[in-house]
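Undergrad: This is a predicted model, with the sequence first.
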Amino acid sequence: DARVTQTPRDKVTEMGQEVTMRCQPILGHNTVFWYRQTMMQGLELLAYFRNRAPLDDSGMPKDRFSAEMPDATLATLKIQPSEPRDSAVYFCASGSGHFYEQYFGPGTRLTVT
Amino acid sequence: GQQVMQIPQYQHVQEGEDFTTYCNSSTTLSNIQWYKQRPGGHPVFLIQLVKSGEVKKQKRLTFQFGEAKKNSSLHITATQTTDVGTYFCAGPGAGGTSYGKLTFGQGTILTVHP
């Protein structure tokens, strides 16, 4: 049963610290998405990749956030330095092609104190 | 940018009652997808609609795509406690090279009282 995996599942950190979240997309999926979910803003797209190339990261605060795909089996989202307003659940999702459904990972719940 | 508006934001029903959530777009959508997120969980794909006027059913769930492909609805007949969660519609992201990018509606949070 193929699924997207994310680590860590929960992360509590202090303001100013670096946070790295990891995602393993479903094997064979060539598109990877990073979302942030909060009660106030809902589900926001931060960045996405196709065939490991970044296509759009306009939803991401550029000064502190960065997203990469070192290889086809790993996507990373980094926040440096983290701030309390970054507290949210971060989801990774993968899919393939146009008009295809997205498969979400279980998410990383980030709390920045 | 393209927006997908979803109403209502919240819906409380008694078990056995019906439930409907609506999704509207100011632009024509090539397709629309629906997802369900259980409390504490992650969004899970339910269905995709592509054709104008399309109607699809999954057991007690009925999905419709408007004739103009600007709106969609999800109707649940005789809700059960297992239906609780947030239901999202999602349309293609703006831009010619969206490559599967989606714009999600704000979601409708469904509570079912036993």
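TA: All right, it came through fine.
Undergrad: C-alpha only now, for contacts and for neighbours.
TA: Noted.
Undergrad: Need phi/psi at A:N51.
TA: The phi/psi pair for A:N51 (degrees, to the nearest 10) reads phi 50, psi 40.
Undergrad: Now do it, the pLDDT please.
TA: At A:N51, the model reports a pLDDT of 91.
Undergrad: which non-adjacent residue is nearest it?
TA: A:N30 (5.0 Å; C-alpha to C-alpha, 6 or more residues apart in numbering or on different chains).
Undergrad: and that neighbour, what does it touch?
TA: Listed by C-alpha atoms under 8 Å, 6 or more residues apart in numbering or on different chains, the contact set of A:N30 reads A:F49, A:R50, A:N51, A:R52, A:A72, A:S94, A:G95, A:S96, A:G97.
Undergrad: Mind listing the residues bridging to the nearest residue to A:Q102 once chain neighbours are set aside?
TA: Excluding the flanking residues, the one nearest A:Q102 by C-alpha to C-alpha, 6+ apart is A:G95, at 4.8 Å. Per DSSP bridges, the residues bridged to A:G95 are A:T31.
Undergrad: Isn't A:G95 up against A:W34?
TA: No - between A:G95 and A:W34 there is no contact under C-alpha atoms under 8 Å: 11.8 Å.
Undergrad: For the chain, which segments count as strands?
TA: Going with chain A. Using DSSP state E, the strands of chain A run over A:5-7, A:10-13, A:19-24, A:31-38, A:42-50, A:53-56, A:65-71, A:74-79, A:88-95, A:103-104, A:108-112.
Undergrad: Let me rephrase: I mean chain B.
TA: For chain B, the strands defined by DSSP E occupy B:4-7, B:10-14, B:19-25, B:32-37, B:44-49, B:55-58, B:61-65, B:71-76, B:85-92, B:102-104, B:108-113.
Undergrad: Among the ones you listed, show me which one is buried the most.
TA: strand B:85-92 (a mean of 25; mean count of other C-alpha atoms under 10 Å in any protein chain shown).
Undergrad: what packs against that strand?
TA: strand B:4-7, strand B:32-37, strand B:102-104, strand B:108-113 (3 or more C-alpha pairs under 8 Å, 6 or more residues apart in numbering or on different chains; DSSP states H and E).
Undergrad: Residue numbers of chain B in contact with chain A?
TA: In this structure, chain B approaches chain A at residues B:31, B:33, B:41-45, B:48, B:92, B:98-101, B:103-104, B:106-107, judged by C-alpha under 8 Å from any C-alpha of the partner chain.
Undergrad: list the contacts for the most centrally placed residue in chain B?
TA: Nearest to the geometric centre of chain B sits B:C89, at 3.6 Å (C-alpha atoms, centre = their mean). By C-alpha under 8 Å, 6+ apart, B:C89 lies in contact with B:V4, B:Q6, B:C23, B:I32, B:Q33, B:W34, B:Y35, B:F104, B:G105, B:G107.
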